[in-house]
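Colleague: this one's structure only:
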């Protein structure tokens, strides 16, 4: 018994330092992501707050560009923009690259305008990486990576798209049939739902 207790105590720091994981249940299937809290602390904290608040539940992947990325987290299933918290500081200078399968924050032309919308890179998009602290060089902050369900992401990317109205404005690259995030929630280190986060 003492040996087991000692082994568990030795593992405790590793378990405590494990990166947070989130499951995105989508109408196309489940996607599990690992978040890099050590390299993008503000971005991860922001994303997890939206997850814990149930913000992403019922949102859609509203921008799907084959060979580039899929974007979601900002519009409900009726195409209405959801109210967000204040923008966060861009952490794209964290050394992480917009490689296939990574999650990054979407934003406007203002480098520090990201709120809730995120995208998943379908290919290596190193042109989106940080190159300098100026308007053109800030890039897009990577804060996690898909660890399970990349086939689901690829299936979403293969959906037919069209031009539709989002929040009253005409938008391109919107899936003809809405692809929803039905639920987003944290996982514990064993891959099970964290009850305390609900």
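Modeller: Alright, I've got the coordinates. Everything quoted here is computed from the prediction, not taken from an experiment.

Colleague: What strand or helix carries residue 134?
Modeller: For residue 134, there is no helix or strand it lies in under DSSP states H and E.

Colleague: quick one: it from residue 48, how far?
Modeller: Using C-beta to C-beta, to the nearest Å, residue 134 is found at 30 Å from residue 48. C-beta coordinates here come from the backbone N, C-alpha and C atoms, glycine included.

Colleague: higher neighbour count, the two?
Modeller: Remark: of residue 134 and residue 48, residue 48 carries more neighbours, 17 against 8, as counted by other C-beta atoms under 10 Å.

Colleague: Which pLDDT does the model give the more buried one?
Modeller: Note for residue 48: predicted pLDDT of 98.

Colleague: Name the helix or strand for it, please.
Modeller: Counting by DSSP H and E, residue 48 is part of helix 41-52.

Colleague: Name the surrounding residues that touch that helix.
Modeller: 20, 22, 35-37, 56, 73, 85, 88-89, 91, 105, 114, 116, 118, 141, 143-144, 184-186, 197-198 (C-beta atoms under 8 Å, 6 or more residues apart in numbering).

Colleague: Could you do stretch 105-116 as well?
Modeller: Under C-beta under 8 Å, 6+ apart, the answer for stretch 105-116 is 43, 46, 50, 55-56, 71, 73-74, 82, 84-90, 92, 117-119, 135, 138, 140-141, 143.

Colleague: now do stretch 128-148
Modeller: Residues contacting stretch 128-148 (C-beta under 8 Å, 6+ apart): 19, 21-22, 30-36, 39-40, 43-44, 47, 90-94, 96-99, 101-107, 109, 111-112, 114, 119-121, 153.

Colleague: could you give the mean pLDDT of it?
Modeller: Mean pLDDT, stretch 128-148: 96.

Colleague: Any idea how far apart the tips of that stretch sit?
Modeller: End-to-end span of stretch 128-148 (C-alpha to C-alpha, to the nearest Å): 23 Å.

Colleague: Show me where the protein has its helices.
Modeller: Ranges of helices in the chain, per DSSP state H, are 2-17, 41-52, 150-157.

Colleague: ranking the ones you listed by mean pLDDT, which is last?
Modeller: Set side by side, the helices of the chain give their lowest mean pLDDT on helix 2-17, at a mean of 51.

Colleague: if you go through this protein in chain order, where are the strands?
Modeller: In the chain, the strands defined using DSSP state E lie at 21-26, 29-35, 59-65, 69-76, 102-105, 118-121, 142-148, 161-166, 169-175, 180-187.

Colleague: Turn the ones you listed into JSON lines, columns for distance to residue 127 and mean neighbour count.
Modeller: Compiled in JSON lines, those are given as follows (distance: least, C-beta to C-beta, whole Å; neighbours: other C-beta atoms under 10 Å):
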{"stretch": "strand 21-26", "distance to residue 127": "25", "mean neighbour count": "21"}
{"stretch": "strand 29-35", "distance to residue 127": "22", "mean neighbour count": "18"}
{"stretch": "strand 59-65", "distance to residue 127": "14", "mean neighbour count": "22"}
{"stretch": "strand 69-76", "distance to residue 127": "12", "mean neighbour count": "22"}
{"stretch": "strand 102-105", "distance to residue 127": "12", "mean neighbour count": "26"}
{"stretch": "strand 118-121", "distance to residue 127": "11", "mean neighbour count": "25"}
{"stretch": "strand 142-148", "distance to residue 127": "13", "mean neighbour count": "21"}
{"stretch": "strand 161-166", "distance to residue 127": "22", "mean neighbour count": "14"}
{"stretch": "strand 169-175", "distance to residue 127": "18", "mean neighbour count": "15"}
{"stretch": "strand 180-187", "distance to residue 127": "27", "mean neighbour count": "19"}
